[in-house]
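Colleague: Model the following, please.
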Amino acid sequence: MKRKKIFQVKFIITLLLINIFQTGCGNNYSSGGYSSSPVSTSTAQEVDCNNSPNITIVSIQVSSFIPASETIPINSVVKWINNDSSTQTVTSGAPNSPNGKFDFVLTPTFSKCLRFTESGFFEYYSRNLTLMTAQIIVQ
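Modeller: All right, here's what the predicted structure looks like:
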């Protein structure tokens with residue numbers, strides 16, 4: 001009888017943990033590694049990482065974007081890969097002042113690619129760690 005109760009408690013705890021993990025620990029992030037709405041603005045468009053030649057890689061690791069600054073030609077593709085142990089966002093603008101040009105969530109091991117279609121200086125940061133900032137310069 002005691003073993004059955006312990007099993008039931010463990011089972012309920014497991015279900016609760018699965019539910020918390022799937023809902024993003026209360027951060028309103030969708031499951032599947034990143035936000036479900038595709039990025040498409042006049043600045044950047046989401047593209048398939050597998051069908052994009054000449055990709056510039058930005059790695060998220062140790063709570064940093066590496067490299068923190070990258071210069072690319074217009075119509076180039078940037079691929080963000082979350083090699084960190086925590087979920088991060090890639091949000092255009094300055095910390096606490098997003099500008100709406102792009103914004104997505106990456107859980108650990110997931111990636112996303114954007115093609116930059118206009119020239120400019122594009123700052124971005126993680127909403128989860130506002131000291132985590134970087135920039136893309138498109139020429």
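Colleague: residue contacts, Ala44?
Modeller: If you count contacts by Cβ atoms under 8 Å, 6 or more residues apart in numbering, Ala44 has them with Ser92, Lys101, Phe102, Leu114, Arg115, Phe116, Thr117, Phe122. Backbone N, C-alpha and C define where each C-beta goes, glycine included.
Colleague: Please read the previous query as pertaining to Lys101.
Modeller: Thr41, Thr43, Ala44, Ser92, Gly93, Phe122.
Colleague: where do the helices sit along the protein?
Modeller: Along the chain, the segments classed as helices by DSSP state H run 2-22.
Colleague: Nearest to the spatial middle of it, which residue is it?
Modeller: Centroid check for the chain by Cα atoms, centre = their mean gives Leu106 as the closest residue, at 2.7 Å.
Colleague: now the closest residue in space to it that isn't next to it in sequence: how far from Ile136?
Modeller: In this structure, Leu106 finds its nearest non-sequential neighbour in Asn82, 4.0 Å apart by Cβ to Cβ, 6 or more residues apart in numbering. Relative to Ile136, Asn82 is positioned 17 Å away (Cβ to Cβ, to the nearest Å).
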